[in-house]
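Undergrad: sequence and computational prediction follow.
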Amino acid sequence: MEVIRAADYDELSVCAAEMIIQTLKSKNDAVLGLATGSTPIGTYKRLIEAYRQGRVSFAAAKSINLDEYVGLGENDPNSYRRFMNDMFFNNIDIDVRNTYVPDGLNKNIQQECMRYDMLYKRLGGADIQLLGIGVNAHIGFNEPADKLVAATHVVKLSQSTRMANSRNFASAQAVPEYAVTLGMAGILKAKKIVLLASGEAKREAVAKAVYGDIDTHAPASFLQLHDNVTVICDFCLAK
Ligand code: F6R
């Protein structure tokens with residue numbers, strides 16, 4: 001695993017954005033695996049800037065997101081579909097019909113998981129997968145557990161994740177209890193993985209991912225099994 005120490009959040013964002021730009025320069029119809037949360041916001045801002053400067057086009061690209069809350073759809077300001085539209089897709093030239101986020105409103109959520117896996121397979125997996133990391137070392141919403149799941153699945157969010165994600169909700173209790181997430185196989189199928197971590201609170205999780213035992217209680221540690229992972233963090237990993 002390559003670890004890049006960025007001086008600050010802005011440098012981290014520029015670095016991640018440049019990796020995506022490089023991917024699109026070598027393959028204009030690349031499949032971008034995208035994440036939500038606070039960490040990639042700067043990356044999306046930098047990509048929007050690059051698009052406005054004419055340095056990159058997303059016209060032929062496709063994107064597939066990691067996850068969505070069960071019960072939330074595009075009209076809900078806290079849905080991940082809405083986040084992606086507002087923070088990224090509506091500000092670049094991507095065809096929104098080529099952007100995929102699990103449908104949290106599908107009444108048959110198991111069917112939605114199967115549909116999403118088939119879609120992912122049809123797209124051939126991501127050429128580059130952007131990941132954040134939870135303080136509990138989750139990736140996507142693959143939460144620490146005795147067993148991890150390979151396929152797209154419904155997951156019960158841990159209390160720590162609901163707490164961490166409660167920023168825009170009225171309270172942690174208002175954060176949906178369940179989410180649909182790409183499973184470990186989907187994430188590991190990406191040709192290149194870029195994991196972003198900002199702030200000291202993520203240090204322990206990143207250390208487990210990079211140096212720890214491969215452990216289902218630290219899902220990010222499975223990234224050690226992939227041969228093209230870059231971790232970009234804005235803190236020093238060594239204690
Ligand atoms: C988001 C996702 C999550 C977040 C993680 C970190 O699509 O899959 O794994 O990347 O919870 O979130 P932030 O960046 O808000 O700290």
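TA: Nice, thanks for sending it over. Residues are numbered from 1 along each chain as shown.

Undergrad: pretty sure Gly33 is in a helix, no?
TA: No - in this structure, Gly33 is strand, not part of a helix, as judged by DSSP: H, G, I helix; E, B strand; the rest coil.

Undergrad: dump the residue contacts of it.
TA: Applying C-beta atoms under 8 Å, 6 or more residues apart in numbering, we find Gly33 in contact with Ser63, Ile64, Asn65, Leu66, Gly125, Ala126, Asp127, Ile128, Gln129, Leu130, Ile187, Ala190. C-betas here are computed from N, CA, C, even on glycine.

Undergrad: which residue is the nearest non-sequential neighbour of the last one?
TA: When the adjacent residues along the chain are set aside, Ala190 lies closest to Gln129, with 3.5 Å between them (C-beta to C-beta, 6 or more residues apart in numbering).

Undergrad: who does that neighbour form a beta bridge with?
TA: Residues in a beta bridge with Gln129, per DSSP bridges, are Gly33, Ile193.

Undergrad: lowest confidence element among the helices and strands of this protein?
TA: Ranked by mean pLDDT, DSSP states H and E, the weakest helix or strand in the chain is helix 159-164, scoring a mean of 92.

Undergrad: CA atoms only: put the next helix or strand along the chain from that one into PDB for me.
TA: For helix 159-164, the following helix or strand on the C-terminal side (DSSP states H and E) is strand 178-181. Only the C-alpha atoms of strand 178-181 are listed here, as PDB (Å, rounded to 0.1, in the frame of the first residue of the first chain):
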ATOM      1  CA  TYR A 178     -30.000   0.700   7.800                       C
ATOM      2  CA  ALA A 179     -28.100   1.300   4.600                       C
ATOM      3  CA  VAL A 180     -27.400  -0.500   1.400                       C
ATOM      4  CA  THR A 181     -23.700  -0.900   0.800                       C
END
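
Undergrad: show me what counts as buried in strand 178-181.
TA: For strand 178-181, a neighbour-count test (16 or more other C-beta atoms under 10 Å) marks Ala179, Val180, Thr181 as buried.
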